[in-house]
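Asker: show me how the following folds:
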Amino acid sequence: MVFDFGHLRRFPDIEAENLFAHDATDDLILQQAYAALETSAPGSVTVLGDRYGALTLASATVHDLSGLRVSQDGISGEYALAFNADRSGHADVYTSMALGPELFTEAEVVLWQLPRSLDELAEVAALISTYASPTVQVFAGGRIKHMTLAMNTVLAEYFSSVVPGRAWRKSRPLHLSGPRKEATALSFPKKEFHAEQGLWICAHGATFGGTKIDVGTRFLLDYVPQMRPDASLAIDLGCGNGTISAALAKARPELKVIGTDQSAAAVASTTATALANALADQIEVVRDDALAGFASGSAELIVLNPPFHVGATVHAGIAHKLFAATARVLAPGGELWCVYNRHLDYKGALAKAVGTTRVVARNSKFTLTVSTKAASGTAEGSSS
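Answerer: Predicted coordinates:
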């Protein structure tokens, strides 16, 4: 039996002509793992980083597997897998699980779309080597442009055998075996103190930027006191490592902050950052896709440092999706504060989606704007 990857959708994630629901890495991983999957027992296969279900659903279809344990960092990937599984009649063949010991306990086969972050690579490799079966085989792969020799060095700390395969269509597979049970597991989340902000920042491996404060966020933080001074509730949309949530809560003790992100690692990281700064009573953290779980007209203040990539592809679609989401969730008179790369020039899009938009500040790299939701609920335009 063969699996038709062309039937996969990215929905409800961004869909466009240059964005795809599978790539050659999926094919390579499945080809390399074919024999192992043919003899796998139910419940012995773990799937990691399966963006839209290609690895999970092809394994279930071709090898008649069930009991697959699946972990995806992005909630949009979970939704897409569920959508594709329903369409193909495979909704009952897998269980979505958090990254942790239970995901890997006694696993015999692991299929892994490799991350680009060395920290995420190390965090996952440590879990596999510690909790999987001593005879586990890991069939991994990635796009060549995102793979480095440093990845092999990291993996070799946790597996006695790291064997690269032949490249195909700009992807390359890796076969890992011989988990080093004696390897020292790295401590996650990592933690770093930033004296200038007076904050501890925590991060799990998959969190964008790790424990650092990116330059766009640094620029935005100078204006925290000006952000809707009378607000009682603020949303940090795309909270990442929790820097903005923590800075808002620390500077404004009367403010309730909700940090939200579609990334499981980001949610765990922001939660850890709140705890590390004794702000857990003031900060709530929610895993959510573009404010889908928030009521319309419920927010007085939203703060956003939007990504300009969808996966590894430069694409503005995710920013526009978030702008539309804020327009729905902001109450009349509510404010969206947004920092973005200066060359992106989102001011017009913000004015159209949200309401009157003015530039608060610019530097050589970034623009900071504030958009005010019109009382009528419709966009009002822009001002300089």
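Asker: quick one: the helices in the chain?
Answerer: Counting by DSSP state H, the segments of the chain that form helices are 24-38, 54-63, 75-88, 101-104, 118-131, 149-156, 215-221, 243-251, 264-276, 317-329, 347-353.
Asker: show me which positions of the third one end up buried.
Answerer: Judged by neighbour count using 16 or more other C-beta atoms under 10 Å, the buried positions of helix 75-88 are 75-81, 83-85, 88. All C-beta spots, glycine's among them, are computed from the backbone N, C-alpha and C.
Asker: same thing with the second one?
Answerer: Of the residues in helix 54-63, those with enough neighbours to count as buried (16+ other C-beta under 10 Å) are 54-61, 63.
Asker: what's the closest of these to L275?
Answerer: Nearest to L275 among these, counting by C-beta to C-beta, is T56 at 33.1 Å.
Asker: quick one: the closest one and G67 touch, right?
Answerer: No. In this structure, T56 is not within contact of G67 by C-beta atoms under 8 Å, at 11.5 Å.
Asker: which neighbours do these two share?
Answerer: Residues touching both T56 and G67 (C-beta atoms under 8 Å, 6 or more residues apart in numbering): 93-94.
Asker: quick one on the thing from earlier: got a markdown table for the buried residues of helix 54-63, with pLDDT too?
Answerer: As requested, the buried residues of helix 54-63 are arranged in a markdown table below (pLDDT from 0 to 100):
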| residue | pLDDT |
| --- | --- |
| A54 | 96 |
| L55 | 97 |
| T56 | 98 |
| L57 | 97 |
| A58 | 97 |
| S59 | 97 |
| A60 | 96 |
| T61 | 95 |
| H63 | 96 |
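Asker: take these and write them to CSV, including distance to L322.
Answerer: Below are the buried residues of helix 54-63 laid out as CSV (distance: C-beta to C-beta, whole Å):
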residue, distance to L322
A54, 26
L55, 28
T56, 27
L57, 28
A58, 31
S59, 33
A60, 33
T61, 34
H63, 38
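Asker: let me know the angle separating whichever strand in the chain runs longest from helix 317-329.
Answerer: Counting residues, the longest strand found in the chain (DSSP state E) is strand 330-341. Put simply, strand 330-341 runs at 160 degrees to helix 317-329, going by axes from the mean of the first three to the mean of the last three C-alpha atoms, to 10 degrees.
Asker: so which elements touch strand 330-341?
Answerer: Contacts defined by 3 or more C-beta pairs under 8 Å, 6 or more residues apart in numbering; DSSP states H and E place strand 330-341 against helix 215-221, strand 299-304, helix 317-329, strand 366-373.
Asker: quickly compare these and say which is most buried.
Answerer: Highest mean neighbour count among these (mean count of other C-beta atoms under 10 Å): strand 299-304, with a mean of 26.
Asker: and the helices and strands packed on strand 330-341, which one averages the lowest pLDDT?
Answerer: If you rank the helices and strands packed on strand 330-341 by mean pLDDT, helix 317-329 sits at the bottom with a mean of 92.
Asker: that helix packs against which elements?
Answerer: So helix 317-329, by 3+ C-beta pairs under 8 Å, 6+ apart, packs with strand 233-237, strand 299-304, strand 309-310, strand 330-341, helix 347-353.
Asker: repeat that for 10 Å
Answerer: strand 233-237, strand 299-304, strand 309-310, strand 330-341, helix 347-353, strand 366-373 (3 or more C-beta pairs under 10 Å, 6 or more residues apart in numbering; DSSP states H and E).
Asker: quick check: domain ranges of the chain?
Answerer: For the chain, the structural domains run 5-179, 190-373, going by automatic domain parsing.
Asker: around Y34, how many other residues sit close by?
Answerer: Per other C-beta atoms under 10 Å, the neighbour tally for Y34 reads 13.
Asker: need the contact list for it.
Answerer: 59, 62-63, 139 (C-beta atoms under 10 Å, 6 or more residues apart in numbering).
Asker: now swap in L233 and tell me
Answerer: Applying C-beta under 10 Å, 6+ apart, the residues contacting L233 are 255-258, 284, 298-302, 331, 334.
Asker: give me that answer again for 6 Å
Answerer: Neighbour list for L233: 256, 300 [criterion: C-beta atoms under 6 Å, 6 or more residues apart in numbering].
Asker: for A122, see how far away it is.
Answerer: Applying C-beta to C-beta, to the nearest Å, the value for L233 to A122 is 37 Å.
Asker: cool, F20 as well?
Answerer: 28 Å.
Asker: these two: which has the busier surroundings?
Answerer: Between F20 and A122, counted using other C-beta under 10 Å, A122 has the larger neighbour count: 20 against 17.
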